[in-house]
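1. Quick one: sequence and predicted model below, then my questions.
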Amino acid sequence: MQLHKTFIPVLLACSSLSGVANGQDSLPDDYCRWEVVDYAIGEPLCGLAGNTQRGREIVSDSSRGNCLACHQLPIPGVEAYGTIGPPLAGIAARLSVPQIRLRVVDTRNINPMSIMPGFYRDPRLINRPDKKYRGRTFLTAQQVEDVIAYLATLK
Amino acid sequence: MIHFNKTSLLFCGLLLAIPAAAAVAGEAKSGYEYIRPESRAMQDDDFENPGLLTVEQGQHLFNNKQSDASKACAECHGKDGTGLNTENIARYPVYSENAAEIVTLQKQISRCRVDNTAGKTLPTDHPDLVALETFVRNRAIGEAVNVQTDGPMTELLQKGENLYRTRYGLIDMACYHCHDLYPGQMIRGQKISQGQGNGFPAYRLDSGEITNLHQRIQQCLTLMRAEPFAADSEDIKLLGLYVMSRSNGLTIETPAVRY
């Protein structure tokens, strides 16, 4: 919990310094807190178990994970993928599941300048979200765990 | 309640310093360089480029007295805008000392309509104003963008750059991330451009509509799942000014074809 506790106030302070408004002052009730230990999140979000098949659908779906917008993934039949992030084939051979979890949840704990959205980033840290997205995370905790379960198969 | 201490201030300073250090002053490249060959061919062909329809609409509005007006734009600026100074067009947006504000080309056209032709005030980005903006900008096609960057602009451009480097919306990216760090990379099937303004107003293949620079920025913010800056807001003017200043030296392509 140590890193988490210190990191959020600092980021909040930064957004305030640059004169931006935060999305919401308090955390939504259903937001599960997570803990960074050794640059990884060991515990599944809200203690949920992920589903590999659902995760595979979410990564390709442009209205949900949309991972293919930036990453190449070993999914046959996909014509257009992005080249912004690294290809994810073999990601589970390079990173542990807890390390993958931190990168999906909020990779800016590792690289504050990363272009990658935090899919379960603290909604209070989001600047100027549109009304319909206020207080929300990019994906739900269940969807994040599904994506992680799928990525864990890419060895 | 947030307490600032020296450590967090230093940390924030470092965070802000990283992009400045990482930004390599690369050569400005028009969005034309990043679109597909078939889209370039479409832009280059006056019969294929759908943006030319808007130019013609603007031309009609320019040459003919509108029902609410006392005269036509052409009465002062020449039929088809032959009296317009294309070097001046390439300077927009400009800073007005009198009004102490940034004035876009569309705003100047709108004011000229109201002040000199007694036309009624149209809301910002009214289709007639976008058509006139497109027509007038098209008169200066081939002219190099030449936005003022000194004097009163210095501070405004710094504010615009700060907005450019701020993250927005649930997608949580700054303009800087895509358009400075990743031009040339693919986002799904499209190449990311430098986000230059020289082609605008442009015909967007994605929406099938003519779109000026402020509208394009608003659409990008919506895509970021952010609340877009309102038309005519100080923020959209500052960001639009900064983006256009980055295009200094690139030639005007209006109406460009863009994704």
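-> Yes, it's here. Residues are numbered from 1 along each chain as shown, chains lettered A, B, ... in the order given.
2. How about the contacts made by A:Arg136?
-> Counting by Cβ atoms under 8 Å, 6 or more residues apart in numbering or on different chains, A:Arg136 makes contact with A:Pro28, A:Pro123, A:Pro129, B:Leu170. For the C-beta atoms, the positions are set from N, CA and C on the backbone; glycine is no exception.
3. Neighbours of the second one, how many?
-> If I follow you right, that is A:Pro123. Around A:Pro123 sit 22 other residues, with neighbours defined as other Cβ atoms under 10 Å in any protein chain shown.
4. isn't it right next to A:Asp30, touching?
-> No. Using Cβ atoms under 8 Å, A:Pro123 is not in contact with A:Asp30; the gap is 10.9 Å.
5. Grab the nearest non-local neighbour of the residue positioned nearest the centre of chain B.
-> With distances taken as Cα atoms, centre = their mean, B:Leu213 lies nearest the centre of chain B, 2.8 Å away. Nearest non-adjacent residue to B:Leu213, counting by Cβ to Cβ, 6 or more residues apart in numbering or on different chains: B:Phe200, 4.2 Å away.
6. so that neighbour sits right up against B:Ile217, yeah?
-> No. The pair B:Phe200 / B:Ile217 is not scored as a contact, 9.7 Å apart, by Cβ under 8 Å.
7. Need the per-residue pLDDT for the residue in chain B positioned nearest to chain A.
-> Closest contact between chain B and chain A, by Cβ to the nearest Cβ, is at B:Gly189 (3.3 Å). pLDDT, B:Gly189: 83.
8. Ok, A:Pro28 next?
-> Looking at A:Pro28, its pLDDT is 87.
9. now swap in A:Pro76 and tell me
-> 87.
10. What segments of the stretch 101-250 of chain B are helices?
-> B:105-117, B:127-139, B:153-164, B:175-176, B:213-223, B:234-246 (DSSP state H, counting those that start in this stretch).
11. would TSV of these with mean pLDDT be doable?
-> Supplementary listing: the helices of the stretch 101-250 of chain B in TSV, determined by pLDDT from 0 to 100:
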stretch	mean pLDDT
helix B:105-117	96
helix B:127-139	98
helix B:153-164	98
helix B:175-176	98
helix B:213-223	97
helix B:234-246	98
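12. Which one of those lies nearest to B:Arg36?
-> helix B:213-223 (18.4 Å; Cβ to Cβ).
13. where in chain A is pLDDT low?
-> Applying pLDDT under 70 to chain A flags residues A:1-25.
14. Give the buried subset of the contacts of A:Arg136 as a ChimeraX selection command.
-> Per 16 or more other Cβ atoms under 10 Å in any protein chain shown, the buried members of the contacts of A:Arg136 correspond to this ChimeraX selection:
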select /A:123,129 /B:170
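15. Looking at the contacts of A:Arg136, spot the one nearest B:Leu129.
-> A:Pro129 (30.0 Å).
16. Count the neighbours of residue 147 for me.
-> Because you didn't say which chain, this covers chain A. 27.
17. The chain in question should be chain B.
-> Count around B:Val147 with other Cβ under 10 Å applied: 21.
18. Who are the contact partners of the residue nearest to it when sequence neighbours are not counted?
-> Once flanking residues are discounted, B:Val147 sits nearest to B:Ser245: 4.3 Å by Cβ to Cβ, 6+ apart. By Cβ under 8 Å, 6+ apart, the contact set of B:Ser245 is B:Val147, B:Thr149, B:Met153, B:Leu157, B:Gly160.
19. Quick check: nearest residue in space to the last one, chain neighbours excluded?
-> The shortest distance from B:Gly160 to any non-neighbouring residue, by Cβ to Cβ, 6+ apart, is to B:Tyr242 (2.7 Å).
20. Check the gap between that neighbour and B:Gln158 for me.
-> 9 Å (Cβ to Cβ, to the nearest Å).
21. what's the answer for A:Gly90, then?
-> 44 Å.
22. now swap in B:Thr86 and tell me
-> 29 Å.
23. who has more neighbours, those two?
-> A side-by-side neighbour count of B:Thr86 and B:Gln158, using other Cβ under 10 Å, places B:Thr86 first with 15 against 11.
24. Can you tell me the closest non-neighbouring residue to the more buried one?
-> B:Ala140 (3.9 Å).
25. I'd say the one you found and B:Ile252 touch.
-> Yes. Counting by Cβ under 8 Å, B:Ala140 does reach B:Ile252; the two are 5.0 Å apart.
26. Which neighbours do the two have in common?
-> B:Ile89, B:Ala90.
27. for chain A, what spans make up the helices?
-> A:2-17, A:52-60, A:91-94, A:97-106, A:141-151 (DSSP state H).
28. How many neighbouring residues does residue 68 have?
-> In the absence of a named chain, this looks at chain A. Neighbours of A:Leu68 (other Cβ under 10 Å): 21.
29. try again with chain B
-> Neighbours of B:Asp68 using other Cβ under 10 Å come to 13.
30. Perfect, that will be all.
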